[in-house]
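> Dropping a prediction and its sequence here:
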Amino acid sequence: QVAVGRDSRLSGPTLCGWLCDAMVQQGLQVTDFGMASTPAMFMATVTEGYLFDGTVMITASHLPFNRNGFKFFTCKGGLEKEDIKKILAYAGSDAATGLPKGSLAEGAFMDTYAKAVSQLKAAVEAKAEGICHPILLGNDERIEKLARELDLSLEGIEVINLRHDREAERRERYARILSEKRARQGVNFQEANDKMFERNYFGMMMVETGDADAFITGLYTKYSNTIKVAKEVIGIRPEYKHFGTMHLVNSKKGIYFIADTLINRHPNKEALLDLAKLSASTVRFFNRTPIIAMLSYSNFGTDTVGSPAIVHEVVEQMQREYPDLAIDGEMQLNFAMDKDLRDEKYPFTRLKGLDVNTLLFPNLTSANASYKIVKSMVDEGEVIGPIQMGLNKPIHFTDFESSVRDIVNITAVAVLDAIVQEKKNGK
């Protein structure tokens, strides 16, 4: 499998078409990345989810400067002069691979590459700001190479190559612990040991065993898989059956908390109850008094079927169990955000005279879309999240589009979470 990228030269598309066609004729599976960068093409050979056998970057030749050139990469780095001589000799011969015709597909990698850069820059920044002692999981040589290309210092940052032979003992130790913990769920030692080659399993086991205080993940993985691993390795707090996430919006009007923005697609009554309790607890974690509006398209029983009815039941139960908690609903967003309008039309609510600071949505679609709308419209202020709530230990997630500042902010939240966790455990 080979990927091809190119720079902005006018001849790029033509050259790329010729190269791709030639490789397909030789039986290769080719992916055309379109516009790319030289460092990114190397990273496509070592990044999970890609791992190409080789990549080619169409760019300028250094000597002479006015010629087109190809740069070749494998996971070991750029090909040397002798390797390229062999390629040129092969290209000039009549040799053929004898393989059946390959295939050509379009692909994209620059967004993923940008996130790898963001993650590395965030670790450097978190260290510089004294937030934490960062640990990066990955191939140490490749991370160091990327750091050099970006002119970043890794001083004070630990890099653990989880797949290296020198980590075999630790992988086995983690596997024994996980297999014993999950023995009744069909997990044996060999299966657990295989899982330790995966970054999420290894990183979460570091937290589970105390080798790390917190783990931040999500950039290169499907959330569904990350959620599964978190439940399996870390587990949900015993008083709950669900966990969720929240985004914090710091705006001119004040600080707002939005849930559940990532985990529960279509929460039932039991899940919404857990999310309401977790939301209240998480808002208190940030030293705020929770004032919670449970949202819907209906207001206080105007629709008695479907989602509004479930939210209505959750509010009733929450008010019975927590008579001092400011929570009400179901209500539309405009009534949640405008206390004067709400108090005039619905003077009986438990939120009378109060400014709502916590918005709990009835499903993932509405919550996720809402915080992203807010994020796109907030010129001044910040959106921080997703903030995990409900797992036994500090495991936090990042959005795919997270900036360096976003990752640093989540790192700070994870550190606070770890400190609170230690105090609870009496350490």
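It's in.
> Now do the same contact list for the spatially most central residue of the chain.
The chain has Gly218 as the residue nearest its centroid, 2.1 Å off, counting by C-alpha atoms, centre = their mean. Shown in contact with Gly218 (C-beta atoms under 8 Å, 6 or more residues apart in numbering): Thr226, Phe397, Thr398, Asp399, Phe400. To be clear about C-beta, it is placed using only N, CA and C from the backbone, and glycine gets the same treatment.
> and stretch 346-360, how far from the chain's centre?
33 Å (C-alpha atoms, centre = their mean, to the nearest Å).
> so of the contacts of Gly218, which ones are in helices?
Judged by DSSP state H, the contacts of Gly218 include Thr226 as members of helices.
> so which of the contacts of Gly218 comes closest to Phe286?
Nearest to Phe286 among these, counting by C-beta to C-beta, is Phe397 at 17.5 Å.
> from what I can see the closest one touches Ile216, true?
Yes: when contacts are counted by C-beta atoms under 8 Å, Phe397 is listed as touching Ile216 (7.4 Å).
> Let me know the average pLDDT across stretch 138-150.
On average, the pLDDT along stretch 138-150 is 84.
> Just the C-alpha atoms of it, please, in CSV.
What follows is stretch 138-150, C-alpha atoms only, in CSV (Å, rounded to 0.1, in the frame of the first residue of the first chain):
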residue,chain,number,x,y,z
GLY,A,138,4.2,6.1,20.6
ASN,A,139,7.4,5.3,18.7
ASP,A,140,10.1,7.3,20.5
GLU,A,141,12.3,7.6,17.4
ARG,A,142,9.4,8.9,15.2
ILE,A,143,8.2,11.3,17.9
GLU,A,144,11.7,12.7,18.3
LYS,A,145,12.0,13.0,14.6
LEU,A,146,8.7,15.0,14.4
ALA,A,147,9.8,17.1,17.3
ARG,A,148,13.0,18.0,15.5
GLU,A,149,11.1,18.9,12.3
LEU,A,150,8.9,21.2,14.4
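> Overlap of the contact sets of Phe397 and Ile216?
Among the neighbours of Phe397, those also in contact with Ile216 (C-beta under 8 Å, 6+ apart) are Ile410.
> Can you get me a residue count around the closest residue to Arg288 other than its chain neighbours?
Spatial nearest neighbour of Arg288, excluding adjacent residues (C-beta to C-beta, 6 or more residues apart in numbering): Asn357 at 6.3 Å. Asn357 sits with 19 neighbouring residues when counted by other C-beta atoms under 10 Å.
> list the contacts for Asn357?
By C-beta under 8 Å, 6+ apart, the residues touching Asn357 are Gly254, Ile255, Tyr256, Phe257, Val283, Arg288, Thr289, Pro290, Ile291.
> what about the second one, which SS state?
Here Ile255 takes the strand state, with states given by DSSP: H, G, I helix; E, B strand; the rest coil.
> Distance-wise, check the residue nearest to the centre of the chain relative to Glu344.
Look at Gly218 and Glu344: by C-beta to C-beta, to the nearest Å, they are 43 Å apart.
> Which single one of the contacts of Asn357 is nearest to Asn425?
Nearest to Asn425 among the contacts of Asn357, with distances taken as C-beta to C-beta, is Val283, at 22.4 Å.
> Name the nearest residue to that closest one, ignoring sequence neighbours.
Pro290 (3.9 Å).
> OK, contacts around the one you found?
Residues near Pro290 by C-beta under 8 Å, 6+ apart: Phe257, Ser279, Ala280, Val283, Arg284, Leu325, Ala326, Ile327, Asn357, Thr358.
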